[in-house]
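> below are the sequence and a predicted model for it; my questions follow.
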Amino acid sequence: MAPSALQTEASKDAEVGFATESAPWQRAAFEGDGSLRRKVLAAAAATFGILLLVLLCSSILVVIVKTQEGAKADAAASCLLPLGGGSTPSGNFPQPPNFLSSCRKALKHYMAHQYVYDVETAVSAAAAWFSSNYPDGARTKDLCVFDIDETVLSNFADFIRQLDSGKPNQEDQDAGLDPAIPAMLKLYSELFNAGFSVTFLTGRREAGRNATVRNLYEAGFGEQCPDAAPDATRSEDLEPCYVKLDMREVNDTRIASIYKPDRRKQLQDQGFDIVGCFGDQWSDLAGTSPGQASFKLPNPMYYIL
Ligand SMILES: [Mg+2]
């Protein structure tokens, strides 16, 4: 006898493993799964939404910070004075600082952020130049000339006090407490260890010699070498020493761009070959008896003719 339609459906259920008696709880379970799936989907959508919101807020925050930094950098640039100045044997005529006194915040921001990068950029360029031009190190008479203020030591604290008080201030300098400029200390030590002779040529006056000698030593630049031309064979752990600390005599009223080339000429006359010059002012580098290469460091605070 042929099976009825009901029997046929029951047989099909049995073949696929479903019994007609179990259909109610299976439906409930199926309905339960659907509810759970909806909840999972809802939770995933909520999580995704939150992540999207966080990402959006972070992006907005980054844009705001960058904009503020850009605005501060612009503020720093607008604080620079484009005024001229001069210096004569009878005194200076309007020779203002580079920076308006009302721009302390912009100056501090620059010094705390971009300044370090600008110094390191100059130092990297110098290191690359020396390693490509002197791959085997130096001879004893190969000399690097370093200015001091804003080149190897920083007067930033004195300068801020000067802006705050409106009066000249060099109390850290007088006390021998100026901190080293880290990237320059590293470069100075590396050049010394590569065999170069190093020397200081500063516009500081002889009256400040003791404080300067102490400051250079305590900041890590060593002492004056016992020999006029130290042996270029160095070991890595040798403490650096400098050939000379050239300072300005009390009655020397020449502008830096005359005084410094004159002292460089004296170093050449002693038999040194000036290889590199480092300074924060163009007057540290320009003029006669220049180095083969000159490296200018940033100084947003003042200029010297
Ligand atoms: Mg200087």
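Right, received. Where do you want to start?
> so which strand or helix has the residue nearest in space to the middle of the chain?
The centroid of the chain falls nearest to residue 116 when counting by Cα atoms, centre = their mean (2.0 Å). Element membership of residue 116 [criterion: DSSP states H and E] is helix 114-133.
> give the other helices and strands that that helix contacts.
Contacts defined by 3 or more Cβ pairs under 8 Å, 6 or more residues apart in numbering; DSSP states H and E place helix 114-133 against helix 182-193, strand 273-279, strand 293-296. From N, CA and C alone the C-beta is placed, and that goes for glycine too.
> quick revisit: look up how far the ion lies from the nearest residue to the residue nearest to the centre of the chain once chain neighbours are set aside.
Using Cβ to Cβ, 6 or more residues apart in numbering and skipping residues adjacent in sequence, the residue nearest residue 116 is residue 183, 7.7 Å away. For residue 183, the distance to the ion under the criterion Cβ to the ion, to the nearest Å works out to 15 Å.
> now for residue 183, how many residues are close by?
Each residue near residue 183 was counted by other Cβ atoms under 10 Å, and the total is 19.
> what's the distance between it and residue 190?
If you measure residue 183 against residue 190 using Cβ to Cβ, to the nearest Å, the figure is 11 Å.
> same thing with residue 127?
Distance from residue 127 to residue 190, by Cβ to Cβ: 7 Å.
> with residue 82 instead?
On the measure of Cβ to Cβ, residue 82 and residue 190 end up 37 Å apart.
> who has more neighbours, the two?
Legend: neighbour count by other Cβ under 10 Å for residue 82 and residue 190, higher for residue 190 (17 against 5).
> contact partners for the more buried one?
Residues in contact with residue 190 (Cβ atoms under 8 Å, 6 or more residues apart in numbering) are residue 127.
> ok so, going back, give the buried residues for the helix holding residue 116.
114-115, 119, 122-123, 126-127, 130 (16 or more other Cβ atoms under 10 Å).
> what packs against the helix or strand just after that helix?
Note on helix 114-133: by DSSP H and E, the next helix or strand toward the C-terminus is strand 142-146. Judged by 3+ Cβ pairs under 8 Å, 6+ apart, the packing partners of strand 142-146 are helix 182-193, strand 197-205, helix 256-269, strand 273-279.
> kindly recompute the last result at 7 Å.
strand 197-205, strand 273-279 (3 or more Cβ pairs under 7 Å, 6 or more residues apart in numbering; DSSP states H and E).
> let's have those strands in TSV, adding distance to the ion.
Below are the helices and strands packed on strand 142-146 laid out as TSV (distance: least, Cβ to the ion, whole Å):
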stretch	distance to the ion
strand 197-205	7
strand 273-279	6
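> mind putting these into CSV with distance to residue 134?
Below are the helices and strands packed on strand 142-146 laid out as CSV (distance: least, Cβ to Cβ, whole Å):
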stretch, distance to residue 134
strand 197-205, 13
strand 273-279, 8
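> got these as a markdown table, with mean pLDDT and mean neighbour count columns?
Putting those into a markdown table (pLDDT from 0 to 100; neighbours: other Cβ atoms under 10 Å) gives the following:
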| stretch | mean pLDDT | mean neighbour count |
| --- | --- | --- |
| strand 197-205 | 97 | 23 |
| strand 273-279 | 97 | 23 |
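> who wins for proximity to residue 305 among the ones you listed?
Closest to residue 305 of those, according to Cβ to Cβ: strand 197-205, at 10.7 Å.
> what strands flank that closest one, and is each parallel or antiparallel?
strand 142-146 (parallel), strand 245-248 (parallel) (DSSP bridges).
> for the longest one, which outside residues touch it?
Where contact means Cβ atoms under 7 Å, 6 or more residues apart in numbering, the residues beyond strand 142-146 that reach it are 152, 188, 191, 196-201, 243, 264, 267, 272-278, 291.
> next, count neighbours for residue 294.
Neighbours of residue 294 (other Cβ under 10 Å): 17.
> what count of nearby residues applies to the residue lying closest to it once chain neighbours are set aside?
Spatial nearest neighbour of residue 294, chain neighbours left out: residue 285 (4.0 Å); criterion: Cβ to Cβ, 6+ apart. Counted with other Cβ under 10 Å, the neighbours of residue 285 add up to 22.
> what's the answer for the one 3 residues further on, then?
Using other Cβ under 10 Å, the number of residues around residue 288 comes to 11.
> how much space between it and the ion?
In terms of Cβ to the ion, residue 288 sits 19 Å off from the ion.
> same thing with residue 134?
In terms of Cβ to the ion, residue 134 sits 25 Å off from the ion.
> count of residues packed around that residue?
Based on other Cβ under 10 Å, the number of other residues close to residue 134 is 18.
> flag every residue of the stretch 151-300 of the chain that's near the ion.
residue 280 (Cβ under 5 Å from the ion).
> rewinding a little: looking at the helices and strands packed on strand 142-146, spot the one closest to residue 255.
Here strand 197-205 is closest among the helices and strands packed on strand 142-146 (Cβ to Cβ), at 9.5 Å.
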